[in-house]
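> Have a look at this prediction, sequence included:
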Amino acid sequence: RTVMELKIGLIGCGAIGREHIKRLSGKVQGCKVVAVCDVFEEGAKKGAELAGGAKVYVNDVAGIVNDPEVDAVVVTTPGFAHKEAVMAAIKAGKPVFTEKPMTTTAADSKEIVEAEMATGKHLVQVGFMRRYDKGYQQVKALLDSGDFGKPLLCKCTHRNPEVGTDYNTPMAVHDTAIHEIDCMHWLVDDEWDSVQVILGADTKYTHPALRDPQVMVMRTKKGVTIMLEVFVNCKFGYDINCEVVCEDGVIHMPSPAFPTVRKDGNLSTPIEQSWINRFIDSYDVELQNWVDCAKKGVVEGPTAWDGYTANLTADALVKSQETGEIVKVESGEKPAFYQN
Ligand code: NAI
Ligand code: ISE
């Protein structure tokens, strides 16, 4: 049947869940959030209110996914809870958008890939929204033009002002660096070959369960080297940078601009403070595209295979956090089902 207005059930009414409810009830066209779910009733009620009234499910993933009023599912629970909701949506044959990471391990993500392939339908999209960011897209267009020759190495920073006390060393990989794991291999159009984590001096703002900052060195099969600084208690802002060094020049990613001001003897420019604003346009474009595609029964954005290979790379980085050694990434052949 043709779905005129995509009726969405959203699971996980926390920080990004609420942001997505607002955009799916405002900027994004052709959809409506008809049901929400959270483990906490209060959170679910708040989500329902932001949707302008929606059915409330409390701690009932199967209930919301199988609600006949729900055409498609959005998963914004923490990473460890994504698998249950995504698997339930696949079982129900409904399109599902899950925030990153698809799951927290490659083994779990492989189960999702196999379950989706068994249905013969493309149902899963992963929230790697950087592919929709104007800055990354401009860098990619320049790289693809061939005017800069081949990319040789990339220097990236992924800095957050601070994180909660439950954020630990492996989360620097599967919660944070997972964005570069997906985005940088898409940008240079190559697969990961090996990775290494270098740990050194820790900031006084961290705690024993979190090594911070971390340097991640990732190499693609063609030998492009990505040097990524992950620093999640940098204190000064949300600071995402990407520079690609090529044979015939260097490309620096633009970020949304702030005015430079002269005041009180200082010349200054503010730094972004949160992912909410830094990637605000990307989330809008990403979800509009997902809604349009879900109605047609197709997936144009990052697939379950992208989610799985990101997890494989993340697992290798976590292993290197423990040993300091270079770890190989063995992703295997992309199944025909996921070839464009
Ligand atoms: P959060 O902790 O603020 O919210 C998670 C919500 O899910 C909470 O309300 C919690 O009660 C609920 N929840 C937990 N388990 C549940 C279950 N089994 N069923 C129903 N509800 C459940 O977390 P946040 O920051 O909103 O992150 C959520 C997800 O979004 C994570 O996977 C995170 O990595 C991702 N994220 C992505 C961003 C991006 O830039 N693409 C930015 C921020 C988060
Ligand atoms: C968060 O979950 C996100 O996805 C943000 O984009 C990232 O910068 C942050 O480190 C994560 O915790």
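Looks like it arrived, so ask away. Ligands and ions are numbered 1, 2, ... in the order given.

> Name the spans of the stretch 151-300 of the chain whose pLDDT lies under the cut-off.
Residues of the stretch 151-300 of the chain meeting the criterion pLDDT under 70: none.

> Can you name the residues of it that neighbour ligand 1?
175, 275, 279 (C-beta under 6 Å from any ligand atom). To be clear about C-beta, it is placed using only N, CA and C from the backbone, and glycine gets the same treatment.

> Of these, which belong to helices?
Counting by DSSP state H, the members of these that fall within helices are residue 275.

> Is it possible to get TSV of the residues of the stretch 151-300 of the chain next to ligand 1 that adds neighbour count and distance to residue 258?
Output for these, formatted as TSV (neighbours: other C-beta atoms under 10 Å; distance: C-beta to C-beta, whole Å):
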residue	neighbour count	distance to residue 258
175	21	26
275	18	16
279	21	15
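
> Could you list which of the residues of the stretch 151-300 of the chain next to ligand 1 also contact ligand 2?
Among these, proximity to ligand 2 is found for 175, 275 (C-beta under 6 Å from any ligand atom).

> wait, what's in contact with the residue of the stretch 101-250 of the chain found nearest ligand 2?
When scored by C-beta to the nearest ligand atom, the stretch 101-250 of the chain has residue 176 as its residue closest to ligand 2, at 3.5 Å. By C-beta atoms under 8 Å, 6 or more residues apart in numbering, residue 176 lies in contact with 158, 160, 230, 232.

> Among these, which one has the most neighbours?
Using other C-beta atoms under 10 Å as the neighbour criterion, residue 230 leads the contacts of residue 176 with 26 neighbours.

> doesn't residue 179 make contact with it?
No. Counting by C-beta atoms under 8 Å, residue 230 stays clear of residue 179, with 10.0 Å between them.

> so what sits against both of those two?
residue 158.

> Figure out the length between the terminal residues of stretch 119-133.
End-to-end span of stretch 119-133 (C-alpha to C-alpha, to the nearest Å): 31 Å.

> Do stretch 287-304 and ligand 2 come into contact?
No. Stretch 287-304 lies apart from ligand 2 when judged by C-beta under 6 Å from any ligand atom; the minimum separation is 13.6 Å.

> Return the set of buried residues in that stretch.
Using 16 or more other C-beta atoms under 10 Å as the test for burial, stretch 287-304 gives 287-295, 299, 301-304.

> The residues you listed: which two are farthest apart?
288 and 304 (20.7 Å; C-beta to C-beta).

> can you pull out the helices in this structure?
Secondary structure of the chain (DSSP H): helices at 15-24, 41-50, 61-65, 82-92, 106-119, 134-145, 171, 178-188, 275-278, 280-296, 304-323.

> For the longest one, buried residues please.
Okay, so that is helix 304-323. For helix 304-323, by 16+ other C-beta under 10 Å, it's 304-321.

> Keeping just the C-alphas, turn it into PDB.
What follows is helix 304-323 as a C-alpha-only set of coordinates in PDB (Å, rounded to 0.1, in the frame of the first residue of the first chain):
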ATOM      1  CA  ALA A 304      22.900  -2.400   8.300                       C
ATOM      2  CA  TRP A 305      26.100  -3.500   6.500                       C
ATOM      3  CA  ASP A 306      27.600  -0.100   7.200                       C
ATOM      4  CA  GLY A 307      26.500  -0.500  10.800                       C
ATOM      5  CA  TYR A 308      28.100  -3.900  11.000                       C
ATOM      6  CA  THR A 309      31.400  -2.900   9.400                       C
ATOM      7  CA  ALA A 310      31.600   0.100  11.700                       C
ATOM      8  CA  ASN A 311      31.200  -2.200  14.700                       C
ATOM      9  CA  LEU A 312      33.900  -4.600  13.300                       C
ATOM     10  CA  THR A 313      36.200  -1.600  13.100                       C
ATOM     11  CA  ALA A 314      35.100  -0.400  16.600                       C
ATOM     12  CA  ASP A 315      35.800  -3.900  18.100                       C
ATOM     13  CA  ALA A 316      39.300  -3.700  16.600                       C
ATOM     14  CA  LEU A 317      39.900  -0.300  18.100                       C
ATOM     15  CA  VAL A 318      38.700  -1.500  21.500                       C
ATOM     16  CA  LYS A 319      41.100  -4.400  21.300                       C
ATOM     17  CA  SER A 320      43.900  -2.000  20.600                       C
ATOM     18  CA  GLN A 321      42.900   0.100  23.500                       C
ATOM     19  CA  GLU A 322      43.700  -2.900  25.700                       C
ATOM     20  CA  THR A 323      47.000  -3.900  24.000                       C
END
